[in-house]
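**Q** Here is my input; please provide its structure:
(one chain, ligands or ions: 1)
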Amino acid sequence: MIEIKNIEKTFGDRQVLAGISGTFKPGETSLIIGGSGTGKSVLLKCMIGLIKPDSGEVLYDGRNFLTTGLDDQKTIRREMGVLFQGSALFDSKTVSENIRFPLDMLTDQSTSEKEDRVQECLRRVGLETAGDRMPSEISGGMKKRVGIARAIVLNPKYLFCDEPNSGLDPLTSIKIDQLISEITDEYQITTVVITHDMNSMMEIGEKIMFLYKGKKLWEGNSDTLTQSDIKELNEFIYANKLLREMEK
Ligand SMILES: Nc1ncnc2c1ncn2[C@@H]1O[C@H](COP(=O)(O)OP(=O)(O)OP(=O)(O)O)[C@@H](O)[C@H]1O
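**A** Numbers count the residues shown, from 1 in each chain. Predicted structure coming up:
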């Protein structure tokens, strides 16, 4: 379980996070939603240690990530998998090499152990025959799958995905969402996803947190998303639906 408590962050004179709290549970895909510039990415970065919040706590199964010693921080970092926006694959490495990278960097497994693990992850994301291909030779959806395989190669307890659907068509988006949700359930990972995607909110929103101007204005799930009387949330949903209609 991940708990965040009263996270605050200010850049210059602009407060981007104004005291955000919440919990994220194992086996659950939690979504952080909100309009552009509301602080979603900054919150995610605070959670994974890329940005230091000005105040607040981030607890990984009770371990305070911000104040614990360097060794414990390293341990927690190793328990995280991250799917970055745009997949962030190494262009000069094959699909298999991309997936193997965290094993090369962070484990002393033998070559055959690593190969077995890479194959297992390739199979899990449905890319068993694509290992030798280069990122430039595969589709956007496949790149996301490679990113997911790389994010889970170390068996993470916590998985973070920043806009996993960006740049994908609606059908591929749904498949990627389903994959993230299945993996989360199968390995009981605590998964946090930042998304703008209305389909994702309706399909995989077991828990949804709505940010507005650095504050958490609403929390619920896909069943209750459209029933709130929060004006800002309803406007956000309306704008997203409109966008979807225009894309069709
Ligand atoms: N390192 C930084 N230094 C200064 N300002 C920053 C920094 N990182 C983010 N910001 C500002 O913080 C605000 C929130 O940014 P953030 O990227 O979290 O938004 P977001 O909700 O993820 O939006 P989007 O959906 O467009 O990605 C923005 O105004 C951004 O310019």
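**Q** so how far is residue 188 from residue 178?
**A** In this view, residue 178 and residue 188 are 17 Å apart by CB to CB, to the nearest Å. C-beta: built from backbone N, CA, C; applies to glycine.
**Q** Now the residue nearest the centre of the chain: phi and psi?
**A** For the chain, residue 161 is the residue whose C-alpha lies nearest the centre (CA atoms, centre = their mean; 1.6 Å). Main-chain torsions, residue 161, degrees, to the nearest 10: phi -130, psi 120.
**Q** Who is it paired with across the strands?
**A** residue 83, residue 193 (DSSP bridges).
**Q** Quick check: residues of the protein near the ligand?
**A** Counting by CB under 6 Å from any ligand atom, the chain comes close to the ligand at 11, 16, 34, 36, 37, 38, 39, 40, 41, 42.
**Q** what are the ranges of the strands in the chain?
**A** 2-11, 14-24, 29-33, 55-60, 63-64, 80-83, 158-162, 190-194, 207-212, 215-220 (DSSP state E).
**Q** With mean pLDDT added, can I get those strands in JSON lines?
**A** As requested, these are exported to JSON lines (pLDDT from 0 to 100):
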{"stretch": "strand 2-11", "mean pLDDT": "98"}
{"stretch": "strand 14-24", "mean pLDDT": "96"}
{"stretch": "strand 29-33", "mean pLDDT": "95"}
{"stretch": "strand 55-60", "mean pLDDT": "97"}
{"stretch": "strand 63-64", "mean pLDDT": "95"}
{"stretch": "strand 80-83", "mean pLDDT": "94"}
{"stretch": "strand 158-162", "mean pLDDT": "96"}
{"stretch": "strand 190-194", "mean pLDDT": "96"}
{"stretch": "strand 207-212", "mean pLDDT": "95"}
{"stretch": "strand 215-220", "mean pLDDT": "95"}
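**Q** Could you say which one of these comes nearest to residue 145?
**A** Residue 145 lies closest, by CB to CB, to one member of the strands of the chain: strand 80-83, at 10.0 Å.
**Q** okay, the closest one in CSV with CA atoms only?
**A** In CSV, the C-alpha atoms belonging to strand 80-83 read as follows (Å, rounded to 0.1, in the frame of the first residue of the first chain):
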residue,chain,number,x,y,z
MET,A,80,9.0,0.4,-8.2
GLY,A,81,8.3,0.0,-11.9
VAL,A,82,7.7,3.1,-14.0
LEU,A,83,6.1,3.4,-17.4
